[in-house]
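1. here are the coordinates; sequence isn't available:
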């Protein structure tokens with residue numbers, strides 16, 4: 001990483017709850033207020049330097065600091081400064097998700113690996129035997145992914161990339177022409193990475209074409225609200241929770257979150273997962289997007305960077321958010337919620353009403369309830385009512401089918417009320 005500019009002075013904190021969110025309805029927006037408090041505490045971090053090796057990035061205001069959160073229910077919250085900035089490397093996971101969705105994981109894996117490099121983002125990190133870049137979050141891998149964006153020419157590739165990025169954000173994203181020009185004028189190291197990938201047979205098309213797509217994706221303008229919505233789209237299995245549009249498949253979203261968890265913060269990724277525990281991606285524009293799968297996406301922006309190229313105050317804010325609110329992905333819940341809403345015995349029928357999502361733990365609880373009941377009673381009828389279930393994982397269908405077969409062998413009549421067809425005969429999952 002080229003030497004950064006001089007240290008920034010302490011910021012003037014401008015952290016206020018979002019006036020356009022739920023607060024505007026007359027309700028007290030405690031979530032945005034909590035984000036504002038978080039910014040004030042994180043603003044005590046005064047270190048970091050602007051990334052001046054892309055000249056346009058040296059002109060940004062180092063004091064601006066904003067944060068936003070969007071839940072998978074489509075509700076958004078914000079605190080701090082309102083401004084736009086270029087997305088830079090935060091674009092990588094979203095383009096990666098789109099390419100996986102279009103071409104499939106195996107085709108992508110032919111050219112780009114999955115392993116953390118343990119090196120800076122612009123290092124020459126190529127597998128010695130295959131010539132593949134180590135992963136898609138470092139520059140070398142992202143350039144290869146950009147070359148794989150579908151399109152018969154560069155113009156079509158760029159349009160396809162911008163359409164996908166805009167769909168993730170839920171609005172049309174604009175290009176920062178000044179930053180694009182600055183990227184192109186100072187991007188010789190990235191071009192060198194492209195030529196190494198080309199020499200290894202891992203680049204689709206020419207280096208010039210790949211760099212055009214790559215520089216443009218990095219130069220798109222976003223806000224922290226955009227990042228939050230983009231993150232929430234991955235958290236929501238590839239469906240934008242604000243627009244309701246499916247952007248990528250659930251499988252592509254899962255693959256992308258896995259890559260972000262292991263590689264998204266470059267050579268800080270391991271410590272990041274220990275301290276914060278959220279799949280994330282940083283960019284040298286000062287932004288970070290972090291995701292708690294199934295719950296929310298969060299975007300934060302503060303331009304001064306640490307030595308690894310991550311926002312100093314952004315890292316501090318997300319570390320405190322995860323620690324204080326217990327949002328670590330691998331945190332252990334004290335006790336799983338029971339999926340059983342109620343039980344009822346009437347005319348020889350034991351009815352069990354179930355709610356929410358049937359994953360392994362909830363299905364395990366349900367199965368043991370059924371077995372315990374049937375061990376203590378004479379064979380009759382047991383009925384499982386799934387009308388309040390919103391989703392069933394594949395394991396739920398398999399366990400309930402096997403349990404029903406066991407009960408029938410012992411003289412019980414087993415009934416599943418599954419009007420929404422959440423459980424298919426082979427146990428595959430469905431969502432209503």
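-> Okay, I see it. It should be emphasised that the depicted structure is a prediction, and the values quoted were computed from it without experimental measurement.

2. now the helices for the stretch 101-250 of the chain?
-> Remark: helices assigned in the stretch 101-250 of the chain by DSSP state H, counting those that start in this stretch are 105-109, 139-147, 154-169, 177-185, 188-199, 207-218, 224-235, 250-263.

3. Quick one: closest of these to residue 242.
-> helix 224-235 (5.5 Å; C-beta to C-beta). (Each C-beta comes from the backbone N, C-alpha and C, glycine too.)

4. tell me the mean pLDDT for the closest one?
-> Averaging pLDDT along helix 224-235 gives 97.

5. And stretch 387-406, by the same measure?
-> 89.

6. just stretch 369-380 next, same as before
-> 90.

7. now the end-to-end length of it.
-> 16 Å (C-alpha to C-alpha, to the nearest Å).

8. shaky segments in the protein?
-> Applying pLDDT under 70 to the chain flags residues 1-28, 118-125, 127, 332-336, 424-432.

9. how does it look with 50?
-> 1-25, 425-429, 431-432 (pLDDT under 50).

10. Now do the strands in the protein.
-> 65-71, 76-80, 85-86, 221-222, 280-282, 287-292, 296-302, 340-346, 349-358, 381-392, 413-417, 430-431 (DSSP state E).

11. coming back round to it: can you check which of the helices of the stretch 101-250 of the chain gets nearest to residue 380?
-> helix 250-263 (39.6 Å).

12. Can you give the contact residues for the closest one?
-> For helix 250-263, the external contacting residues (C-beta atoms under 8 Å, 6 or more residues apart in numbering) are 93-94, 96-98, 100-101, 105, 114-117, 134-138, 233-234, 236-238, 248, 269, 273, 279-281, 291, 293, 329.

13. picking that back up, mean neighbour count, the helices of the stretch 101-250 of the chain: which tops it?
-> Highest mean neighbour count of the helices of the stretch 101-250 of the chain: helix 224-235, a mean of 29 (counted as mean count of other C-beta atoms under 10 Å).

14. helices or strands up against that one?
-> strand 65-71, strand 76-80, helix 91-103, helix 154-169, helix 250-263, strand 287-292, strand 296-302 (3 or more C-beta pairs under 8 Å, 6 or more residues apart in numbering; DSSP states H and E).

15. so it versus helix 91-103, what angle?
-> 40 degrees (axes from the mean of the first three to the mean of the last three C-alpha atoms, to 10 degrees).

16. Look up how far residue 352 lies from the closest residue to residue 355 other than its chain neighbours.
-> Counting by C-beta to C-beta, 6 or more residues apart in numbering, residue 355 lies nearest to residue 388, which is 4.1 Å off, once chain neighbours are set aside. Separation of residue 388 from residue 352 (C-beta to C-beta, to the nearest Å): 11 Å.

17. now residue 88
-> Taking C-beta to C-beta, one finds residue 88 at 52 Å from residue 352.

18. higher neighbour count, the two?
-> residue 88 (26 against 20; other C-beta atoms under 10 Å).

19. Mind putting the helices of the stretch 101-250 of the chain into a markdown table with distance to residue 375?
-> As requested, these are arranged in a markdown table below (distance: least, C-beta to C-beta, whole Å):
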| stretch | distance to residue 375 |
| --- | --- |
| helix 105-109 | 45 |
| helix 139-147 | 55 |
| helix 154-169 | 51 |
| helix 177-185 | 68 |
| helix 188-199 | 62 |
| helix 207-218 | 60 |
| helix 224-235 | 41 |
| helix 250-263 | 38 |
